[in-house]
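J.: fold the following and give me the result.
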Amino acid sequence: MSRHFDPERDLRITRIIKAPRATVWQAWTQPALFEQWWVPAPARCQVVEMDLSPGGAFVTRISENGGSFQPHLDACFLTVDDRQRIVFTNALTGGWRPAEQPFITAIIDFADHPDGTGYTAHVMHKSNGDRALHEKMGFHDGWGTVIGQLAALVEDRG
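T.: Here you go, the predicted model:
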């Protein structure tokens with residue numbers, strides 16, 4: 001698969017997580033662990049469905065300020081390469097169904113690093129306008145916060 005970072009339409013965030021790749025992968029693929037870091041605290045995440053196979057549903061809900069859980073992400077996994085890469089999109093829902101309002105396709109890469117795991121989130125948008133909107137919504141702060149929460153979780157388990 002060839003992929004190119006397009007600065008007009010894409011956003012990227014990278015971090016070294018001081019934990020083995022297998023541990024970081026588990027935090028991404030085990031719903032009980034995933035719920036602990038996927039949304040910026042103090043908000044809470046609930047995994048409704050996580051079918052880690054191409055075409056599998058990826059559905060989460062979010063609770064902010066102690067309120068009831070509301071829809072957060074309704075997406076579809078495109079690729080799940082064990083301990084290497086996860087690709088999902090909200091352009092499709094589970095079972096390859098077209099979504100109402102597509103916004104992103106995300107490629108999450110996991111790589112061995114001397115200090116643990118190289119973690120990269122490459123998020124693609126259909127237009128510069130969507131990219132700009134996502135950046136204005138706080139992409140770097142939001143995704144940076146949850147990656148920090150992921151790191152805190154797995155570095156403790158390492």
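J.: same for the lowest-mean-pLDDT helix or strand in the chain, what does it pack against?
T.: The helix or strand of the chain with the lowest confidence, counting by mean pLDDT, DSSP states H and E, is helix 139-157 at a mean of 94. Using 3 or more C-beta pairs under 8 Å, 6 or more residues apart in numbering; DSSP states H and E as the contact criterion, the neighbours of helix 139-157 among helices and strands are strand 10-17, helix 21-29, strand 116-124. Placement of C-beta: from N, CA and C, glycine included.
J.: in that helix, which residues are buried?
T.: Using 16 or more other C-beta atoms under 10 Å as the test for burial, helix 139-157 gives Phe139, Trp143, Val146, Ile147, Gln149, Leu150, Ala151, Leu153, Val154.
J.: strand partners (parallel or antiparallel) of the longest strand anywhere in the chain?
T.: Among the segments of the chain that qualify as a strand by DSSP state E, the longest is strand 70-81. Sheet pairing of strand 70-81 (DSSP bridges) gives strand 57-63 (antiparallel), strand 85-89 (antiparallel).
J.: which parts of that strand are buried?
T.: Applying a neighbour-count criterion of 16+ other C-beta under 10 Å, the buried positions in strand 70-81 are His72, Leu73, Asp74, Ala75, Cys76, Phe77, Leu78, Val80.
J.: burial measure for Arg44, as a count.
T.: 16 (other C-beta atoms under 10 Å).
J.: hang on, isn't it packed against Ser63?
T.: Yes. Here Arg44 lies in contact with Ser63, judged by C-beta atoms under 8 Å, at a distance of 4.5 Å.
J.: residues shared between the contacts of these two?
T.: Shared contacts of Arg44 and Ser63, defined by C-beta atoms under 8 Å, 6 or more residues apart in numbering, comprise Phe69.
J.: on that earlier part again, the longest strand of the chain vs helix 21-29, what angle?
T.: Using axes from the mean of the first three to the mean of the last three C-alpha atoms, to 10 degrees, the interaxial angle of strand 70-81 with respect to helix 21-29 works out to 140 degrees.
J.: for strand 70-81, the averaged confidence score.
T.: Within the predicted structure, the mean pLDDT of strand 70-81 is 97.
J.: and if you look at stretch 38-48?
T.: Model confidence over stretch 38-48, given as mean pLDDT, is 97.
J.: endpoints of stretch 9-24, how far apart?
T.: Across stretch 9-24, the terminal residues are separated by 27 Å (C-alpha to C-alpha, to the nearest Å).
J.: ok, and what's touching that stretch?
T.: Outside of stretch 9-24, the residues within contact range by C-beta under 8 Å, 6+ apart are 5, 83, 110-113, 115-128, 130-131, 134-135, 139-140, 143-144, 147-148, 150-151, 154-155, 157-158.
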